[in-house]
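Asks: Sequence first, predicted coordinates after that:
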Amino acid sequence: MTDLKTAALEYHAHPRPGKLSVELTKATATARDLSLAYSPGVAAPVREIARDPELAYRYTGKGNLVAVISDGTAILGLGNLGPLASKPVMEGKGVLFKRFAGIDVFDIEVDAESPQAFIDTVKRISITFGGINLEDIKAPECFDIERTLIEQCDIPVFHDDQHGTAIVTAAGLLNALEIAGKNLPEAKIVCLGAGAAAISCMKLLVGMGADIRNIYMLDRKGVVHSGRDDLNQYKAVFAHETDKRTMSEALEGADVFVGLSGADLLSPDDLNRMAVNPIVFACSNPDPEIKPEVAFATRSDVIMATGRSDYPNQVNNVLGFPFIFRGALDVRATRINEEMKIAAAHALRELAKLPVPEEVKVAYGVDSLEFGREYIIPKPLDPRLITLVSDAVAKAAIKTGVATRPYPENYPLKSVNDVFTG
Ligand SMILES: NC(=O)C1=CN([C@@H]2O[C@H](COP(=O)(O)OP(=O)(O)OC[C@H]3O[C@@H](n4cnc5c(N)ncnc54)[C@H](OP(=O)(O)O)[C@@H]3O)[C@@H](O)[C@H]2O)C=CC1
Ligand SMILES: CC(=O)C(=O)O
Ligand SMILES: [Mg+2]
């Protein structure tokens, strides 16, 4: 772990600080080039955009530019460490947007004294961007922030920790249930965490067929139940009448554990309470609710996923946000709706069942990757993600009437290099 810490600090510090930079996309070699890029030539697109704001998509980078914005109140599972400390994560999201979907990102860390101040800041700068990815904003404030910004902005606003996580969790869970010989409507699910990611994951699962009566949600005070008078409106949706109070009680006979809470909160004893072929998604970052080696030492029948890159089955929103925004930007969707999210989940789910290209196996240093307990969800380095997930999202946007552009000529994209060939 110390090695990883040292390597991570070195990685971020050298050869230059940070992980990404702004690049030029036009010639700047001659005086003529400069007279086009800047004064006097730049006045021409200025006048055009003043005449017709839509032309910002033609003459500026707006259409391929996403703001990754945080207030630093829920940085991964590390908690409220403030906006500046969130910058490595936000730059990291920028790296993933660019690497996997060719999307440019400005990371913006907002020192806001209140949710309203945050909303006002984001609203004022929103015209710069083709989309807004809200990141690592704690519940319950995140819900109102996202809803208000969706209402006020005519570009997609998407809280990644809610919906990106939910989409990827749903895809992985449907596959894990299939492998375990179980199904979503009957699955007994325990969700540790009742924040941004947890509430949204459980909502999407219910939307996709889970029975809310089979879901037990827990926060720091234990089971979310109807006898509690301290529940916010978002948790209250999942409160039902039960005499269960602790995670141990909730886990008795459970089929699924979804952890969206913090490190090392699922004990071997509690894992032993779960049904045969238990599915454990220990998704807290950087440290899962239970380490895979502990889980496997406890039970050989566990189907295990984490949010991390260094174990099999990475259930992480990196599989969602780059490709979802790619699809949404390319048909210039005004929002990212439920149908687009569900289309993305199904595309991810189906991709895991296709034969895996050699280059993916090489990238992960394995001889074989086949749909099964150790491979329930595609790998982030799979080049087919942009092809299938962005396509599914774009088609769903068109079908549901939120696209303002037709199906792109360069779709389905063969790779990230295809992005500007349309
Ligand atoms: N793998 C992935 O792709 C993703 C993983 N995550 C992970 O999910 C976790 C939560 O993130 P997010 O939802 O954004 O944060 P929030 O701050 O919105 O929510 C955190 C939730 O975790 C609960 N919690 C924290 N500690 C405990 C504990 N000891 N026992 C029970 N519940 C606890 C909190 O309970 P209370 O309500 O009582 O405060 C709260 O409900 C993080 O670890 C994050 O890394 C998030 C997004 C994506
Ligand atoms: C992956 C991610 O977004 C998180 O852990 O917050
Ligand atoms: Mg996050």
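Replies: Good, I have the coordinates. Ligands and ions are numbered 1, 2, ... in the order given.

Asks: What segments of the stretch 201-350 of the chain are strands?
Replies: Remark: strands assigned in the stretch 201-350 of the chain by DSSP state E, counting those that start in this stretch are 215-219, 222-223, 256-259, 279-282, 303-306.

Asks: which residues make contact with the longest one from outside it?
Replies: Translated: strand 215-219. 188-195, 198, 202, 205-206, 223-224, 235, 238, 242, 244, 247, 250, 254, 261 (C-beta atoms under 8 Å, 6 or more residues apart in numbering). Quick note: C-beta positions are derived from backbone N, CA and C, even for glycine.

Asks: In this structure, where is pLDDT below threshold?
Replies: Within the chain, the stretches with pLDDT under 70 are 1, 422.

Asks: Stretch 241-260 near ligand 1 anywhere?
Replies: Yes - Stretch 241-260 is in contact with ligand 1 by C-beta under 6 Å from any ligand atom, via Leu260.

Asks: can you start the count at 58 instead of 1 from here on
Replies: With the count now opening at 58, the last piece we talked about shows up as stretch 298-317.

Asks: Using CSV, list the CA coordinates for that stretch.
Replies: What follows is stretch 298-317 as a C-alpha-only set of coordinates in CSV (Å, rounded to 0.1, in the frame of the first residue of the first chain):
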residue,chain,number,x,y,z
GLU,A,298,-42.2,-1.7,8.1
THR,A,299,-39.7,-4.1,9.6
ASP,A,300,-38.3,-5.1,12.9
LYS,A,301,-34.8,-5.4,11.5
ARG,A,302,-32.4,-2.8,12.9
THR,A,303,-28.9,-3.9,12.2
MET,A,304,-26.9,-4.9,9.1
SER,A,305,-26.5,-8.4,10.5
GLU,A,306,-30.3,-8.8,10.8
ALA,A,307,-30.8,-7.4,7.3
LEU,A,308,-28.2,-9.7,5.8
GLU,A,309,-29.8,-12.9,7.0
GLY,A,310,-30.5,-14.8,3.8
ALA,A,311,-29.9,-11.8,1.5
ASP,A,312,-28.9,-12.4,-2.1
VAL,A,313,-27.1,-9.1,-2.7
PHE,A,314,-25.0,-6.7,-0.7
VAL,A,315,-24.4,-3.3,-2.4
GLY,A,316,-21.9,-1.2,-0.5
LEU,A,317,-21.8,2.5,-1.2
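
Asks: still on that earlier bit, between the strands of the stretch 258-407 of the chain, which one is closest to Val152.
Replies: Checking the strands of the stretch 258-407 of the chain against Val152 by C-beta to C-beta gives strand 360-363 as the closest, at 20.1 Å.

Asks: Any chance of the backbone angles for the nearest residue to Ser92 once chain neighbours are set aside?
Replies: Take Ser92 and drop its neighbours on the chain: the residue closest to it by C-beta to C-beta, 6 or more residues apart in numbering is Gly98, 5.3 Å away. Backbone torsions of Gly98, given as degrees, to the nearest 10, read phi -60, psi -30.

Asks: quick one: Gly98 from ligand 2, how far?
Replies: 41 Å (C-beta to the nearest ligand atom, to the nearest Å).

Asks: Assumed Cys463 was part of a strand.
Replies: Careful, residue 463 is Pro; it's not Cys. No - when classified by DSSP: H, G, I helix; E, B strand; the rest coil, Pro463 is found to be coil rather than part of a strand.

Asks: Give me the neighbour count for it.
Replies: 11 (other C-beta atoms under 10 Å).

Asks: What of Asp300?
Replies: There are 8 residues near Asp300, going by other C-beta under 10 Å.

Asks: what do you get for the one 4 residues further on?
Replies: Residues within reach of Met304, counting by other C-beta under 10 Å, total 21.

Asks: if we can go back for a sec, among the contacts of strand 272-276, name the buried ones.
Replies: With burial judged by 16 or more other C-beta atoms under 10 Å, the buried subset of the contacts of strand 272-276 is 245-252, 255, 259, 262-263, 280-281, 292, 295, 301, 304, 307, 311, 318.

Asks: Out of those, which sit inside helices?
Replies: Assigned to helices by DSSP state H, the following of these qualify: Ala255, Met259, Leu262, Val263, Lys292, Met304, Ala307.

Asks: Could you measure from the fifth one over to ligand 3?
Replies: The one in question is Lys292. The gap separating Lys292 from ligand 3 is 20 Å, by C-beta to the ion, to the nearest Å.

Asks: And for Pro379?
Replies: For Pro379 relative to ligand 3 (C-beta to the ion), the value is 14 Å.

Asks: contacting residues around that residue?
Replies: Pro379 makes contact with Leu153, Phe154, Arg156, Phe157, Ala158, Ile160, Leu442, Ile443 under the criterion C-beta under 8 Å, 6+ apart.

Asks: OK, contacts around the last one?
Replies: In this structure, Ile443 makes contact with Phe157, Ala158, Pro379, Phe380, Arg383, Leu470, Ser472, Val473, judged by C-beta under 8 Å, 6+ apart.

Asks: do stretch 423-442 and ligand 2 meet at all?
Replies: No - shown here: stretch 423-442 not in contact with ligand 2 (C-beta under 6 Å from any ligand atom), separated by at least 11.3 Å.

Asks: Now do that stretch: everything it contacts.
Replies: Residues from elsewhere that reach stretch 423-442 (C-beta under 8 Å, 6+ apart): 153, 157, 225, 228-229, 232-233, 236, 360, 362, 366, 369-373, 375-376, 379-380, 405-406, 408-411, 413-414, 416-418, 420-421, 472-473.

Asks: cool, and stretch 164-179?
Replies: Contacts for stretch 164-179 (C-beta under 8 Å, 6+ apart): 124-129, 139-141, 143-144, 147-148, 150-151, 182, 189, 191, 194, 198, 201-202, 205-206, 209.

Asks: now the ones in helices among the buried ones among the contacts of strand 272-276 in JSON lines, with distance to Val214?
Replies: Formatted as JSON lines, these follow (distance: C-beta to C-beta, whole Å):
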{"residue": "Ala255", "distance to Val214": "20"}
{"residue": "Met259", "distance to Val214": "21"}
{"residue": "Leu262", "distance to Val214": "22"}
{"residue": "Val263", "distance to Val214": "23"}
{"residue": "Lys292", "distance to Val214": "23"}
{"residue": "Met304", "distance to Val214": "34"}
{"residue": "Ala307", "distance to Val214": "34"}
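
Asks: And the residues you listed, which two are furthest apart?
Replies: With distances taken as C-beta to C-beta, the most widely separated pair in these is Val263 and Met304, at 20.6 Å.

Asks: what separates the nearest residue to Asn289 once chain neighbours are set aside from ligand 2, distance-wise?
Replies: Spatial nearest neighbour of Asn289, chain neighbours left out: Pro197 (4.7 Å); criterion: C-beta to C-beta, 6+ apart. Per C-beta to the nearest ligand atom, Pro197 is found 16 Å from ligand 2.
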